[in-house]
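In: got a predicted structure here, sequence first:
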Amino acid sequence: MWQFFVKGILVAGVRSATQRLARMLRQGAPACADIQTVRPASTTATMPNMQAFWVSTGIVALAEMGDKTQLLALVLAVRFRKPWPIIAGILVATLANHGLAGALGAWITTVLGPQTLRWVVGLSFLAMAAWILVPDRLDEAGAPQNTSRWGVFGTTLVAFFLAEMGDKTQIATIMLAARYDAYFLVVAGTTLGMMLANAPVVWLGERVTRLVPLRVVHGVSAAVFVVLGLLALGLDLGGPG
């Protein structure tokens with residue numbers, strides 16, 4: 001009975017967060033022909049930059065639920081039973097990986113013209129919406145078996161960094177960094193999102209994944225990516241007036 005109660009709270013919280021996120025996106029990113037005008041203007045940098053941080057945090061936290069790197073965090077927690085070095089390894093690996101991903105996203109904006117960039121970012125977000133609905137699986141045989149060489153922290157760092165290469169959340173970080181002119185806030189936000197999704201799994205184990213309605217979370221994540229994609233393409237989601 002209590003599990004249905006917790007799931008109800010989670011679903012309500014996710015829906016509320018999605019509605020707030022959609023309002024932020026509509027207010028902070030009006031429709032336009034040039035993607036650069038969607039970015040924060042220098043005279044109003046504070047609010048749009050914080051929007052980049054919170055959007056990055058929310059979208060990555062949602063995308064990470066049920067992702068292969070979250071499954072890896074669960075395997076590492078069960079195998080080594082040392083939560084603090086595992087969490088520290090995940091944090092450092094995420095900072096390094098998303099730092100590189102954010103740098104790539106920022107570099108993309110320097111080599112593509114505004115119109116090309118608008119289409120690349122918009123279509124990439126729409127593709128992410130479809131990808132996020134595909135469930136991930138982790139080959140536990142490929143997970144680290146011992147820590148004889150690097151210890152728990154080093155083993156987690158290396159395993160998590162490699163698992164994150166080409167993963168949904170890394171690609172999302174690239175696109176978010178290309179979408180917003182706020183490299184550090186995007187990387188900080190995506191890193192926080194990763195920790196919000198993975199730290200409870202390390203501490204509480206499989207109970208977290210059982211309580212969270214992953215289909216609902218993935219559906220919400222896909223919807224948010226669709227909204228980001230349409231906004232990047234310059235479509236007005238605010239309706240008349």
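Out: Yep, that arrived. What you see is a predicted model, and the numbers here were worked out from it, not measured in a lab.

In: is Gln170 in a helix, a strand, or coil?
Out: Following DSSP: H, G, I helix; E, B strand; the rest coil, Gln170 is assigned to helix.

In: kindly report the same for Asp181.
Out: coil.

In: just give me the neighbour total for it.
Out: When counting by other CB atoms under 10 Å, one arrives at 20 neighbours for Asp181. For every residue, glycine as well, the C-beta is placed using N, CA and C.

In: where do the helices sit along the chain?
Out: Taking DSSP state H, the helices of the chain run over residues 2-28, 46-64, 68-80, 83-111, 114-131, 151-164, 168-179, 183-204, 206-211, 214-232.

In: okay, the second one in PDB with CA atoms only?
Out: Coordinates of the C-alpha atoms in helix 46-64 are reproduced here as PDB (Å, rounded to 0.1, in the frame of the first residue of the first chain):
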ATOM      1  CA  THR A  46      21.500  36.200 -14.500                       C
ATOM      2  CA  MET A  47      18.000  34.700 -15.100                       C
ATOM      3  CA  PRO A  48      18.700  32.900 -18.400                       C
ATOM      4  CA  ASN A  49      21.900  31.500 -17.000                       C
ATOM      5  CA  MET A  50      20.100  30.100 -14.000                       C
ATOM      6  CA  GLN A  51      17.600  28.700 -16.400                       C
ATOM      7  CA  ALA A  52      20.400  26.800 -18.100                       C
ATOM      8  CA  PHE A  53      21.500  25.400 -14.800                       C
ATOM      9  CA  TRP A  54      18.100  24.200 -13.600                       C
ATOM     10  CA  VAL A  55      17.100  22.900 -17.000                       C
ATOM     11  CA  SER A  56      20.300  21.000 -17.200                       C
ATOM     12  CA  THR A  57      19.900  19.600 -13.700                       C
ATOM     13  CA  GLY A  58      16.300  18.500 -14.300                       C
ATOM     14  CA  ILE A  59      16.700  17.000 -17.800                       C
ATOM     15  CA  VAL A  60      19.800  14.900 -16.900                       C
ATOM     16  CA  ALA A  61      18.300  13.800 -13.500                       C
ATOM     17  CA  LEU A  62      15.300  12.500 -15.400                       C
ATOM     18  CA  ALA A  63      17.300  11.000 -18.300                       C
ATOM     19  CA  GLU A  64      19.600   9.200 -15.900                       C
END
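
In: just the helices of the chain: most buried one?
Out: Of all the helices of the chain, helix 168-179 carries the top mean neighbour count, a mean of 26, counting by mean count of other CB atoms under 10 Å.

In: what sits against Val60?
Out: By CB atoms under 8 Å, 6 or more residues apart in numbering, the contact set of Val60 is 169, 172-173, 189-190, 193-194, 197.

In: looking at those residues, spot the one nearest Trp107.
Out: Thr173 (13.1 Å; CB to CB).

In: residues contacting that closest one?
Out: Applying CB under 8 Å, 6+ apart, the residues near Thr173 are 56, 60, 98, 101-102, 105, 186-187, 190.

In: for these, which one is nearest Trp131?
Out: Val60 (13.8 Å).

In: skipping adjacent residues, who's closest to the closest one in space?
Out: In this structure, Val60 finds its nearest non-sequential neighbour in Gly193, 3.2 Å apart by CB to CB, 6 or more residues apart in numbering.
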